[in-house]
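Participant: sequence unknown, structure follows:
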């Protein structure tokens, strides 16, 4: 059968209502009163989501496996089992007040693609696998994208042994409980790397919606540097200490932030500079703050620009710290990721064949694909989300856009699985 006909058959077998029903069923696990989800990594709600996915896979006769970090795999075998598989997936864990589409959409779209291909009776050379990556969000246990990082060798499982969650829970205990909760699921010792990886996701931004387009062809993920700035001054009485004698950590922090905002100005609006967390001690209304700590999230798609901007932070902080001591620490560094031209072309061409208009775009958010791309040719498919809202209970994507993305995904997986 002609390859183009096969990919079209896979796309046309996607059932919008079935996909939507599965998204809603998954969204009921950890549901919040405002319509979102609280399904943090390795929690009872997360375990329930994994169980539901495994049960759906079992009903269709797919093989189900899990590895030591808790990544959950669903496999539809190919006609040539010795070939490397094609992999798709995303994550099921959420922010504490997250939406029901971030991550979960990519898993549900991947499962719908597998089901559509199976129900259409289509064969393919390479196996097609779906993965639900463990702890992508990092909302309970740091670092985020933990499952894909361990899978790709960016970090070692043993190195995470001492990690504790923001709720005080020990990662090793919660991970162990998660794996033990599904004794019927085989343990995969060391998954091989795939021939190709494609991840579907909501955009988490407004560009597709503003352009009126249903599909984003993601060409890469911008790099991200994170910093922690600590100002140490001296606590003093608010009513009696003259300003000239104060070592006010808060005022020094504000001076640094003002200077950094000026330094990060970008007329093209590509730089992403964010102060995400700010803490002041002792936090008393009538005490001059003796300590201030804040974080910086700096992102850009160009590695050299990212290094240049990040390299200016220390000097600016020291110049603006006044009478306070300042410590600048870079706590993480993720280089920009550029996706594989073959995967980009496959997604773009299948979108065009389906009559779905698209645009090429860089992802502003990090995804599991950034780790997998170091081990396999990778790419991503974006669909629009309402007003670009994400990490929010109001997060929303339409049934039609969800189905469109799943159709492009199904067709792309079939094309890649026959390469």
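Facilitator: Sure, I can see it. Everything quoted here is computed from the prediction, not taken from an experiment.
Participant: Please count neighbours and contacts with C-alpha atoms only from this point.
Facilitator: Will do.
Participant: got the residue ranges for the helices in this structure?
Facilitator: 3-12, 16-27, 44-59, 104-119, 146-152, 171-180, 207-211, 249-263, 303-311, 313-320, 341-353, 369-372, 399-417 (DSSP state H).
Participant: quick one, the longest one and helix 104-119 angle?
Facilitator: Pointing back at helix 399-417 there. Helix 399-417 and helix 104-119 are oriented at 60 degrees to each other (axes from the mean of the first three to the mean of the last three CA atoms, to 10 degrees).
Participant: what ranges of the chain fall below the confidence cut-off?
Facilitator: 1-3 (pLDDT under 70).
Participant: sorry, back to before: just put the helices of the chain in JSON lines and tack on mean neighbour count and distance to residue 133.
Facilitator: JSON lines is the format used below for these (neighbours: other CA atoms under 10 Å; distance: least, CA to CA, whole Å):
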{"stretch": "helix 3-12", "mean neighbour count": "20", "distance to residue 133": "24"}
{"stretch": "helix 16-27", "mean neighbour count": "17", "distance to residue 133": "15"}
{"stretch": "helix 44-59", "mean neighbour count": "18", "distance to residue 133": "10"}
{"stretch": "helix 104-119", "mean neighbour count": "26", "distance to residue 133": "9"}
{"stretch": "helix 146-152", "mean neighbour count": "24", "distance to residue 133": "5"}
{"stretch": "helix 171-180", "mean neighbour count": "17", "distance to residue 133": "13"}
{"stretch": "helix 207-211", "mean neighbour count": "16", "distance to residue 133": "25"}
{"stretch": "helix 249-263", "mean neighbour count": "19", "distance to residue 133": "35"}
{"stretch": "helix 303-311", "mean neighbour count": "15", "distance to residue 133": "26"}
{"stretch": "helix 313-320", "mean neighbour count": "17", "distance to residue 133": "34"}
{"stretch": "helix 341-353", "mean neighbour count": "19", "distance to residue 133": "20"}
{"stretch": "helix 369-372", "mean neighbour count": "25", "distance to residue 133": "10"}
{"stretch": "helix 399-417", "mean neighbour count": "26", "distance to residue 133": "18"}
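Participant: buried ones in stretch 191-202?
Facilitator: Buried residues in stretch 191-202, counted by 16 or more other CA atoms under 10 Å: 193-202.
Participant: Closest one of those to residue 134?
Facilitator: Taking CA to CA as the measure, residue 134 sits nearest to residue 199 out of these, at 14.6 Å.
Participant: check contacts around the closest one.
Facilitator: Taking CA atoms under 8 Å, 6 or more residues apart in numbering, we find residue 199 in contact with 88-90, 106, 369, 379-381.
Participant: and what of residue 256?
Facilitator: Contacts of residue 256 (CA under 8 Å, 6+ apart): 316-317, 320-321.
Participant: now swap in residue 215 and tell me
Facilitator: 208, 351, 356-359, 381-384, 404-405.
Participant: gap between it and residue 344?
Facilitator: Distance of residue 215 to residue 344, given as CA to CA, to the nearest Å: 12 Å.
Participant: buried subset of the contacts of residue 199?
Facilitator: Buried subset of these (neighbour count, 16+ other CA under 10 Å): 88-90, 106, 369, 379-381.
Participant: Include distance to residue 33 when you put these into JSON lines, please.
Facilitator: JSON lines is the format used below for those (distance: CA to CA, whole Å):
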{"residue": "88", "distance to residue 33": "31"}
{"residue": "89", "distance to residue 33": "27"}
{"residue": "90", "distance to residue 33": "25"}
{"residue": "106", "distance to residue 33": "23"}
{"residue": "369", "distance to residue 33": "31"}
{"residue": "379", "distance to residue 33": "35"}
{"residue": "380", "distance to residue 33": "31"}
{"residue": "381", "distance to residue 33": "30"}
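Participant: quick one: which of those residues sit in strands?
Facilitator: Residues of the buried ones among the contacts of residue 199 located in strands (DSSP state E): 88-90, 379-381.
Participant: and the residues you listed, which two are the farthest apart?
Facilitator: Taking every pair in those and measuring CA to CA, the maximum separation is 12.2 Å, between 90 and 379.
Participant: distance of the residue sitting nearest the centre point of the chain from residue 183?
Facilitator: For the chain, the residue nearest the mean C-alpha position is residue 367 (3.2 Å; CA atoms, centre = their mean). Per CA to CA, residue 367 is found 29 Å from residue 183.
Participant: quick revisit: tell me the one among the contacts of residue 215 nearest to residue 32.
Facilitator: Looking across those and measuring by CA to CA, the closest to residue 32 is residue 384, at 22.7 Å.
Participant: what number of residues lie near that closest one?
Facilitator: As a burial measure, residue 384 scores 29 neighbours (other CA atoms under 10 Å).
Participant: Go ahead and confirm it touches residue 206.
Facilitator: Yes: between residue 384 and residue 206 there is a contact under CA atoms under 8 Å: 7.3 Å.
Participant: per-domain residue ranges of the protein.
Facilitator: By the record's domain assignment, the chain is partitioned as 3-222+336-417, 223-334 (automatic domain parsing).
Participant: what about the last one, start to end distance?
Facilitator: Criterion CA to CA; first-to-last residue distance in domain 223-334 is 5 Å.
Participant: Skipping adjacent residues, who's closest to residue 226 in space?
Facilitator: residue 297 (4.8 Å; CA to CA, 6 or more residues apart in numbering).
Participant: From what I see, that neighbour and residue 229 are in contact.
Facilitator: No: if you go by CA under 8 Å, residue 297 and residue 229 don't touch, sitting 11.4 Å apart.
Participant: which of the buried ones among the contacts of residue 199 lies closest to residue 20?
Facilitator: Among those, and counting by CA to CA, the member closest to residue 20 is residue 106, at 12.3 Å.
Participant: For the closest one, which non-adjacent residue is spatially closest?
Facilitator: Nearest to residue 106 is residue 200, by CA to CA, 6+ apart, at 4.6 Å.
Participant: same deal with residue 338?
Facilitator: Leaving aside its chain neighbours, residue 338 sits nearest to residue 220 (4.3 Å; criterion: CA to CA, 6+ apart).
Participant: do you know how far the one you found is from residue 88?
Facilitator: To residue 88, residue 220 is 16 Å away according to CA to CA.
Participant: returning to what we had before: residue 297 and residue 229 - which one has more neighbours?
Facilitator: Legend: neighbour count by other CA under 10 Å for residue 297 and residue 229, higher for residue 229 (20 against 17).
Participant: That one touches residue 328, doesn't it?
Facilitator: Yes: if you go by CA under 8 Å, residue 229 and residue 328 touch, sitting 4.7 Å apart.
Participant: ok so, going back, ok, now which ones touch the residue nearest to residue 226?
Facilitator: Residue 297 makes contact with 224-227, 272-276, according to CA under 8 Å, 6+ apart.
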